[in-house]
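[1] what's the 3D shape of this:
(chains A and B)
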Amino acid sequence: MIVAFAFLAGMTLVSAMGVVISRNVVHSALFMSGSFLGVAGFFVMLNAPALAAFQVLIYVGAVTVVILFGIMFTQKPQVRRFRTILNAQRWAGFFVAAGVGAFLAFILSIQNWGATSSGNGTRGVAAFARNLLGVTQGSEIFTLLFEVASVLLLVAVVAAIVVSRRKTGEGVDRGVEE
Amino acid sequence: MPPQVQQVLDTLNAELPLEGYLVVGAIMFAIGAWGALIRRNAVVVFMCVELMINAVNLTLVAFADYLPGARGLGQSYAVLVIAIAAAEVAVGLAIVLAVFRSRRTVNVDEINSMKG
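    Residues are numbered from 1 along each chain as shown, chains lettered A, B, ... in the order given. Modelled structure (predicted):
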């Protein structure tokens, strides 16, 4: 357990650092998918195999591909100097983030969580699905949340199409005939 | 098997404390916040926001597995968070594309047309 945990923690955190400090944006996107894979491994360790599958499918698959498309459409060639990828608040940002991380880690460590033991989660997909649909006693709120999430996804898809649509005779690449 | 080897094996197979997962989640959240604060490229800022969302998901699933009172509902919340994060990425990248078409840049400190 501890070997797998150390490996996954190293993979997740080193990849997350790579996202922030790599000069090439495509490398950042690939580091991000490595970090997501580490989190998927954590989900397997935490008795949530269905969620790990969702994580690999949605994050490592779909989100990374969408972000790579965004990079493909918007990026100029790679910058050479390290300073040009950072904005003016680099030290203030570092101290704020270090403070947030230290504060969260401290609070989460000193909190008394009571009797904790591994294996309380819903390991089976059937129980997990009943929780998600709000059928189980005590999870009725998920009936509402599920519907709200579906409406939100529909609105987001329509909004993405409307916002990124190319109007006639506008924009930089006018080669496409309308 | 000698007892020392058995002891080492027991240590390696021991159950991890909940705090281990929580601290990894906190550090990952801090790294994401750091990147979102200091990077100039809007697409990288999106990636860092995704890192923060993943850190919170990790914390939710750790609570769902370790706390008896949670009854595994953290996993269901994590699914909802994943769905909303996917919607956020779609809308956000559409906005980045629209901004790039009109301004020819995605650097967040050069896009200041809404500044008062």
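
[2] Every contact and neighbour count from this point should use C-alpha atoms.
    OK.

[3] In chain A, what residue lies closest to chain B?
    With distances taken as C-alpha to the nearest C-alpha, chain A approaches chain B most closely at A:G121, which sits 4.2 Å away.

[4] where does that residue land in three-state SS?
    Local secondary structure at A:G121 is given as coil here, using DSSP: H, G, I helix; E, B strand; the rest coil.

[5] That one: neighbouring residues, count only.
    Counted with other C-alpha atoms under 10 Å in any protein chain shown, the burial measure for A:G121 works out to 25 neighbours.

[6] got it, and A:A4?
    Other residues near A:A4 number 13, with proximity taken as other C-alpha under 10 Å.

[7] What residues does it make contact with?
    By C-alpha atoms under 8 Å, 6 or more residues apart in numbering or on different chains, no residues touch A:A4.

[8] pLDDT on the helix or strand that contains it, on average?
    Element membership for A:A4 (DSSP states H and E) is helix A:2-21. The average pLDDT for helix A:2-21 rounds to 91.

[9] what's the answer for stretch A:93-100, then?
    Across stretch A:93-100, pLDDT averages out at 91.

[10] thinking again about what came up before, in the helix holding A:A4, what's buried?
    A:5, A:8-9, A:11-21 (16 or more other C-alpha atoms under 10 Å in any protein chain shown).

[11] And the next helix or strand past that helix?
    Downstream of helix A:2-21, the next assigned helix or strand under DSSP H and E is helix A:25-45.

[12] counting contacts, what elements does that following helix pack onto?
    If contacts are counted by 3 or more C-alpha pairs under 8 Å, 6 or more residues apart in numbering or on different chains; DSSP states H and E, helix A:25-45 sits against helix A:2-21, helix A:49-54, helix A:64-74, helix B:42-66.

[13] Which among those is found nearest to B:A36?
    The minimum distance between B:A36 and these falls on helix B:42-66, with 4.7 Å, by C-alpha to C-alpha.

[14] got the angle for the closest one vs helix A:2-21?
    For helix B:42-66 and helix A:2-21, the angle between their directions (axes from the mean of the first three to the mean of the last three C-alpha atoms, to 10 degrees) works out to 160 degrees.

[15] Now do helix B:42-66: which elements does it pack against?
    helix A:2-21, helix A:25-45, helix A:64-74, helix B:18-38, helix B:73-103.

[16] want to try CSV for those, with distance to A:E147 as columns?
    Converted to CSV, the helices and strands packed on helix B:42-66 look like this (distance: least, C-alpha to C-alpha, whole Å):
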stretch, distance to A:E147
helix A:2-21, 32
helix A:25-45, 25
helix A:64-74, 25
helix B:18-38, 28
helix B:73-103, 10
